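Peer 1: Coordinates for the following, if possible.
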Amino acid sequence: MSTGRIDISGVTKRFTVGGNRLTALQEIDLAIAPGEFVTIVGTSGCGKSTLLRLIAGLDSASSGRIAHDGVPVSGPDLSRGLVFQEPRLFPWLTVADNIATALATAKLSREAKRAAVATHLTLVGLRGFEDAWPYQLSGGMAQRAAIARGLINRPGVLLLDEPFGALDALTRARLQDELLGIWARERTTMVLVTHDVEEAVYLGDRVVVMSPRPGRIKDVFGVALDRPRDRAASEFARLRRNVLSVLEGDTSVAANGARIDAGPQVAMVARTVFELIQGAKT
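Peer 2: A predicted model of the protein is given here:
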């Protein structure tokens, strides 16, 4: 049974785009402990989703090594669940049947599969919606179904690629709390990527900050705040601003990696715009 430990050592990922070699990730080193909730935050194009795909085994690194419980990741595995930004439910299947698709290759009896689906419908708060069709669900309910599908094989690691990015603010906050409740009960290792700094601080035991072109780990923040966390607390706001300040450093880096002296007025405008995007309070 998986303990959920992930070790990433010297991982670099390159792509060929239009005949040019593009380095998406460069020398990524990160160790994730069993049962830890790690959030990875960064702007678009920093390679955070690429890193998640590498951990999932959907793609392979150009160099370096990713290991799950000491075993090199060489492809997808039921011990690593994956939830995307879009629920990606099959419209011709009911909610229960959508969740059951993750058990297609599981060595379980039909009765055991049915019981597992029922258990996970209850886990994500969808009991009573077994026979609903995807079009009958709200965005939040559809994402709950996707999370149930990601968890039903009892993976040691659940990987979440901006799972709440398309939801409204109230639904997003509610599902964040529900996800934390599942994590607290199941103690599944969770790795969530997001561009939302507040979400990263609210959910994570650690916040990994990435910078783009090429994607690198710029800093890692430990979140020593009691749960449940108070978004209005001064300590929460201080840590959010610290993470923002690291991300803001990227606004003074040109596409070729050269540093730009933007000047204090431009920097102030950039900071204000960035905080508005993130929903931070000035």
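
Peer 1: Checking residue 107 next. Helix, strand or coil?
Peer 2: Following DSSP: H, G, I helix; E, B strand; the rest coil, we place residue 107 in the coil state.

Peer 1: How about residue 78?
Peer 2: With three-state DSSP as the basis, residue 78 sits in coil.

Peer 1: right, and it touches residue 150 too?
Peer 2: No: with contact defined as CB atoms under 8 Å, residue 78 does not reach residue 150; the gap is 10.7 Å. Quick note: C-beta positions are derived from backbone N, CA and C, even for glycine.

Peer 1: neighbour count winner among these two?
Peer 2: residue 150 (23 against 15; other CB atoms under 10 Å).

Peer 1: Quick check: the more buried one touching residue 80?
Peer 2: No: the pair residue 150 / residue 80 is not scored as a contact, 9.3 Å apart, by CB under 8 Å.

Peer 1: where do the contact lists of the two overlap?
Peer 2: residue 158 (CB atoms under 8 Å, 6 or more residues apart in numbering).

Peer 1: Just the helices from this protein, written as ranges.
Peer 2: Secondary structure of the chain (DSSP state H): helices located at 48-56, 95-100, 110-123, 139-151, 169-186, 197-203, 234-248, 264-278.

Peer 1: out of those helices, nearest to residue 32?
Peer 2: The minimum distance between residue 32 and the helices of the chain falls on helix 48-56, with 8.8 Å, by CB to CB.

Peer 1: I'd like the average pLDDT over stretch 224-235.
Peer 2: The average pLDDT for stretch 224-235 rounds to 95.

Peer 1: Leaving out sequence neighbours, find the closest residue to the residue nearest the centre of the chain.
Peer 2: Centroid check for the chain by CA atoms, centre = their mean gives residue 192 as the closest residue, at 1.9 Å. Using CB to CB, 6 or more residues apart in numbering and skipping the chain neighbours, the partner closest in space to residue 192 is residue 160 (4.1 Å).
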